Every structure is written in C-alpha cells, then in structure tokens.
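K.L.:
sharing a model that was predicted from the sequence below.
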Amino acid sequence: MFAQALGDHKIPFELHIFPYGRHGLGLANLESSYDKPEKVIPEVQSWPELFARWAKQIFSENV
C-alpha cells in the first residue's frame with residue numbers, strides 16, 4: 001500500500017522484496033548481526049549498493 005501511494009502521488013521509489021530475513025537486518029553481514037552467523041543473509045547485503053545507485057539517480061535528475 002505504501003508503494004502504491006508513492007506511485008499514485010508520482011513520488012519516485014524503488015521496491016526490493018527479499019524473500020528471507022527479518023525487519024532491521026542492518027547490513028545483513030556478520031558485524032550487524034550481533035556476531036550470529038545464522039543471521040547473515042548474503043542476498044540482502046546488496047541493499048546499500050541498490051540504495052546508493054537509486055539515490056544518485058534521483059538526486060542527479062533533480063539538481
């Protein structure tokens with residue numbers, strides 16, 4: 001519903017849904033998982049790069 005509302009109001013967004021992991025994974029690496037290897041989720045570790053690419057695109061278009 002949040003993504004739909006953003007789209008309805010022409011607010012740029014990007015939505016990535018990762019099939020595994022809980023809310024608040026941080027960087028999904030060992031350091032942000034309280035040193036619990038079972039909580040490391042390699043697929044989710046890409047989110048900072050995805051965000052940086054999106055932010056660069058959005059902010060460079062609006063400058």
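P.N.:
Cool, got the structure. These numbers were taken from a predicted model, which means no experiment stands behind them.

K.L.:
pLDDT on the longest helix along the chain, on average?
P.N.:
Criterion DSSP state H: the longest helix present in the chain is helix 47-61. Along helix 47-61, the predicted local confidence has a mean pLDDT of 90.

K.L.:
now the helices for the chain?
P.N.:
For the chain, applying DSSP H gives helices covering 2-8, 47-61.

K.L.:
for these, give me TSV that also has distance to Pro19 and mean neighbour count.
P.N.:
For every residue, glycine as well, the C-beta is placed using N, CA and C. Rendered in TSV, the data for the helices of the chain read as follows (distance: least, CB to CB, whole Å; neighbours: other CB atoms under 10 Å):
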stretch	distance to Pro19	mean neighbour count
helix 2-8	17	10
helix 47-61	14	11
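
K.L.:
for Leu25, which of these is the nearest?
P.N.:
In this view, those are compared for proximity to Leu25 by CB to CB, and helix 47-61 is the closest at 8.3 Å.
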